[in-house]
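Student: below are the sequence and a predicted model for it; my questions follow.
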Amino acid sequence: MPPFLQNTLAKATDFWTDKSLAQRILLGGLLVSLLIAFFVMIFWMNKVDYRVLYSQLYQDDAASVVSYLQKEKIPYQITDSGATIMVPGDMVYEARIKLAGEGSLHGQGIGFELFDENSIGQTNFVQGINYQRALQGELSRTISELSEVESARVHLVLPNKSLFVEEQAPPSAAIMLKLKGGRSLGAQQVQAIVNLVSTSVEGMSAEHITLADSRGKILYEPKTDTDIAGLSSTQLEYQTSMQRSLEQRIEQLLLPIVGPGRVIARVNADLDFDRTTIRKEIFDPKSAVVRSEVKNEEESKGSANVDGGTPDPNYQGENDRTASGTAQESVRTSSTTNFDINKEEQQIIAQVGSIKRLSVAVLVDGKYIQQQDGTYAFEPLNAEQMEQIRQLSQRAVGFDDARGDAIEVSSISFGEPVGAEQAPLLDVASRYFQLLGKPLLNTLIILLFLLFVARPVVLALIRPKVDKPTVQTADQLGAAQELMALTEGLNEEDMAAVDAVKRIENAKHLAQQLVEQNMDQAVMIMRQWMTQGQGEA
């Protein structure tokens, strides 16, 4: 063995033998911890870093991707119930390019790739059915591209073409959407889907399209000219739109409290579509002001002749005529005064479609407590939570007691508890954790290793060692100095006695050191002395 190794082994042996049992156990534990931490770190750093190749895959696409990866012998992992496939990080982009070239991803359903392989001898009926299937699949894929839509199904009715135009039936479509948790479609998005389908199918109009979600809620339905309950189609559409808007207000407000898919709100709005015009003229007689005044005064003077008696039949001429005269005088006064009075004119036109009364019903799911047998027991919300939901719902719809509005809130089981879907924010956080989690965890492990393992070992090695014999020697030196100070001026006999005492003290300290270093041998010697003393006695 080389001298260097021999010296190292000897030092290690001396170091180990100098330690007590507790120190040996501590050093052994530290050594084992170091080895375990080292191997764990090596394993973790050599672990394959898997990253997402595709997520939110349909089952058909997932099967195609897995088949291709197996054929190319590319390692992969399947998560999220088969909807997400992960491959090593250095092979993500290469695998995506190859899969795109293979055409393995088709999306939901089947599209126009149905015609990539044409079989000879297909009838017109089969070709028509295949065209309808392909068109339905392509529309479903396009609608599913919306961020709020998880999946979509489109059903088309394409009548056969007729020789007579008046006998040609129009095509129609029914669309079923499954929305992501906590998402909803706005009016513009609904109209965009309707326009997309109507312009993608020849001869289809928006009046022949029906759109609904997976919860049975009508999002769009054909307009009809028939009056329903005295309402025209426009009025009915406005009423439906207002009710839907109020329902969405309640559901979106309660979504953070109860979770997605756990609240259903229905609003019945009684609207006033009467067009009323009220005209008012209000006069204030107390505020009369003279605007103009006209006065007329007439005066007349004169006399009037009045013939009296009966005529004489023997009348001969004018000389025998008699007459009498009367004087007359008259005065007439007239006055005309025009007043101005304050007048207020009001014209009130009542708003068409104003709310007369609201009736609100809110259903809220409760809590599910897991039992020992694995089943779930339903527990409705308590009174305080129900009252809070009631108040929030009232504020959301503008509840007014003066109108006679009514609201009812109930906590009813919606069935077995369903795990809430991961929110977009959690998706982003999960992706960042997958990218940054491993380097951060490696750094944390190294810091903990240096702080709690390496640092104590280094401090223990570099800390100066103070042995007990050294302390005892210092004590002995102090005692020797004291003895030298005391023995100054003594004669030879006294000095001999002092030397004897000093030798005894040195022997005593030496014996104590030997006993401390070799406790087992000291115990054996003490037993032998005790045995010999008993034998002599």
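Tutor: Received the coordinates, thanks.
Student: contacts and neighbour counts: CA atoms only from here.
Tutor: OK.
Student: ranges for the helices of the stretch 101-250 of the chain?
Tutor: Assigned by DSSP state H, counting those that start in this stretch, the helices in the stretch 101-250 of the chain fall at 124-144, 187-200, 233-258.
Student: report the angle between the first one and helix 187-200.
Tutor: Yep, that's helix 124-144 we're talking about. 160 degrees (axes from the mean of the first three to the mean of the last three Cα atoms, to 10 degrees).
Student: how about helix 124-144: buried residues?
Tutor: 130-141, 143-144 (16 or more other Cα atoms under 10 Å).
Student: restrict that helix to CA atoms and write it as PDB.
Tutor: Below are the C-alpha coordinates for helix 124-144, written out as PDB (Å, rounded to 0.1, in the frame of the first residue of the first chain):
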ATOM      1  CA  ASN A 124     -74.900   8.900 -54.600                       C
ATOM      2  CA  PHE A 125     -76.700   8.200 -51.300                       C
ATOM      3  CA  VAL A 126     -73.400   7.100 -49.600                       C
ATOM      4  CA  GLN A 127     -71.500  10.000 -51.000                       C
ATOM      5  CA  GLY A 128     -74.200  12.400 -49.700                       C
ATOM      6  CA  ILE A 129     -74.100  10.900 -46.300                       C
ATOM      7  CA  ASN A 130     -70.300  11.100 -46.200                       C
ATOM      8  CA  TYR A 131     -70.400  14.700 -47.300                       C
ATOM      9  CA  GLN A 132     -72.800  15.500 -44.500                       C
ATOM     10  CA  ARG A 133     -70.700  13.700 -42.000                       C
ATOM     11  CA  ALA A 134     -67.500  15.500 -43.200                       C
ATOM     12  CA  LEU A 135     -69.200  18.900 -43.100                       C
ATOM     13  CA  GLN A 136     -70.600  18.300 -39.600                       C
ATOM     14  CA  GLY A 137     -67.100  17.300 -38.400                       C
ATOM     15  CA  GLU A 138     -65.400  20.300 -39.900                       C
ATOM     16  CA  LEU A 139     -67.900  22.700 -38.400                       C
ATOM     17  CA  SER A 140     -67.500  21.000 -35.000                       C
ATOM     18  CA  ARG A 141     -63.700  21.500 -35.200                       C
ATOM     19  CA  THR A 142     -64.000  25.100 -36.200                       C
ATOM     20  CA  ILE A 143     -66.500  25.900 -33.400                       C
ATOM     21  CA  SER A 144     -64.300  24.100 -30.800                       C
END
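Student: counting by contacts, list what that helix packs against.
Tutor: Applying 3 or more Cα pairs under 8 Å, 6 or more residues apart in numbering; DSSP states H and E, one finds that helix 124-144 contacts strand 149-157.
Student: so what are the sheet partners of the strand it packs on and their directions?
Tutor: According to DSSP bridges, strand 149-157 forms sheet pairs with strand 172-179 (antiparallel).
Student: output the contacting helices and strands for the strand or helix carrying E384.
Tutor: For E384, the host element (DSSP states H and E) is helix 383-397. Packing partners of helix 383-397 (3+ Cα pairs under 8 Å, 6+ apart): helix 233-258, strand 406-411.
Student: with distance to L440 and mean pLDDT added, can I get those in CSV?
Tutor: Output for these, formatted as CSV (distance: least, Cα to Cα, whole Å; pLDDT from 0 to 100):
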stretch, distance to L440, mean pLDDT
helix 233-258, 32, 86
strand 406-411, 45, 93
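Student: next, format those as a markdown table and append distance to I504 and mean neighbour count.
Tutor: Formatted as a markdown table, the helices and strands packed on helix 383-397 follow (distance: least, Cα to Cα, whole Å; neighbours: other Cα atoms under 10 Å):
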| stretch | distance to I504 | mean neighbour count |
| --- | --- | --- |
| helix 233-258 | 88 | 18 |
| strand 406-411 | 96 | 15 |
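Student: could you dump the ones you listed into a markdown table with distance to V267 added?
Tutor: Output for the helices and strands packed on helix 383-397, formatted as a markdown table (distance: least, Cα to Cα, whole Å):
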| stretch | distance to V267 |
| --- | --- |
| helix 233-258 | 5 |
| strand 406-411 | 9 |
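Student: among these, which comes closest to N442?
Tutor: Nearest to N442, of all those, is helix 233-258, at 35.8 Å by Cα to Cα.
Student: got the angle for that closest one vs helix 383-397?
Tutor: Using the same axes, to 10 degrees: helix 233-258 against helix 383-397 is 140 degrees.
Student: sorry, back to before: which one of the buried residues of helix 124-144 is nearest R244?
Tutor: I143 (21.8 Å).
Student: quick one: end-to-end length of stretch 394-408, please.
Tutor: Using Cα to Cα, to the nearest Å, the end-to-end distance of stretch 394-408 comes to 10 Å.
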